[in-house]
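Asks: Mind looking at a prediction? Sequence and model below.
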Amino acid sequence: MIIRVQTADFDLNAELLQLRQGNPGIGAVVSFVGLVRDINDGQDISAMELEHYPGMTEKALEQIVVQAQARWDLIDTLVIHRVGPLLPLDQIVLVAVATRHRGDAFAACEFIMDYLKTQAPFWKKERTPEGARWVDAREADDLALQKWSPQTKDMA
């Protein structure tokens, strides 16, 4: 398990190569890269800033990955989340999951992202033409968690 919270950008190809390097048991790697958009809720976004609590954030991300490991047969995972000032098109987050089979990889990657969006202690401020605004949690992100409840685990 690799978890990093950083201001620097990341190289997707290099990160995925490192994740799977030297392990012939890996049959699938699924990854998700989140990017800064130039519009949100109908308003133009010129920049965004992500804040976090060092130490606490990494522990929260680790707990999310531990939950995924308890559900699926994961060989390795990688979570990189950027903080600080970001511009449209900048990479924000990388979640990558290495498994023996693709089904586990797809499900675990989606699970980690769904929990990261709602459970990880990050705060996002967007810069709009009208000024800066803090971004509230989205109802859609909360609803996405419902598919991972114990009653629907076998369906995911």
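Replies: Now that the structure is in, tell me what you want to look at. Numbering: from 1, shown residues only.
Asks: got the buried residues for the helix or strand harbouring E62?
Replies: Taking DSSP states H and E as the criterion, E62 maps to helix 56-71. For helix 56-71, the buried set under the neighbour-count rule, 16 or more other Cβ atoms under 10 Å, comprises 57-58, 60-61, 64-65, 68. For glycine as for every other residue, the C-beta is placed from the backbone atoms N, C-alpha and C.
Asks: Quickly name whichever of those residues is closest to L94.
Replies: The closest of the buried residues of helix 56-71 to L94 turns out to be L61 (Cβ to Cβ; 11.9 Å).
Asks: Give me the nearest residue to the closest one, chain neighbours excluded.
Replies: I3 (4.9 Å; Cβ to Cβ, 6 or more residues apart in numbering).
Asks: Which of the three states applies to the one you found?
Replies: Put simply, I3 is strand when judged by DSSP: H, G, I helix; E, B strand; the rest coil.
Asks: Can you report how many residues lie near it?
Replies: Per other Cβ atoms under 10 Å, the neighbour tally for I3 reads 17.
Asks: Please tell me how far it sits from I45.
Replies: As judged by Cβ to Cβ, to the nearest Å, I3 and I45 stand 27 Å apart.
Asks: again, but for A105
Replies: 31 Å.
Asks: more neighbours, those two?
Replies: Higher neighbour count among A105 and I45: A105, with 25 against 20, using other Cβ under 10 Å.
Asks: how would you label the more buried one: helix, strand or coil?
Replies: With three-state DSSP as the basis, A105 sits in helix.
Asks: who's in contact with stretch 28-44?
Replies: Applying Cβ atoms under 8 Å, 6 or more residues apart in numbering, the set of residues contacting stretch 28-44 from outside is 12, 16, 19-20, 45-46, 48, 86-102, 104-106, 108-110, 113, 126, 128-130, 135.
Asks: what do you get for stretch 48-64?
Replies: Counting by Cβ under 8 Å, 6+ apart, stretch 48-64 makes contact with 1, 3, 5, 36, 79, 81-87, 92, 112, 115-116, 119-127, all of which sit outside it.
Asks: Noted, bye for now.
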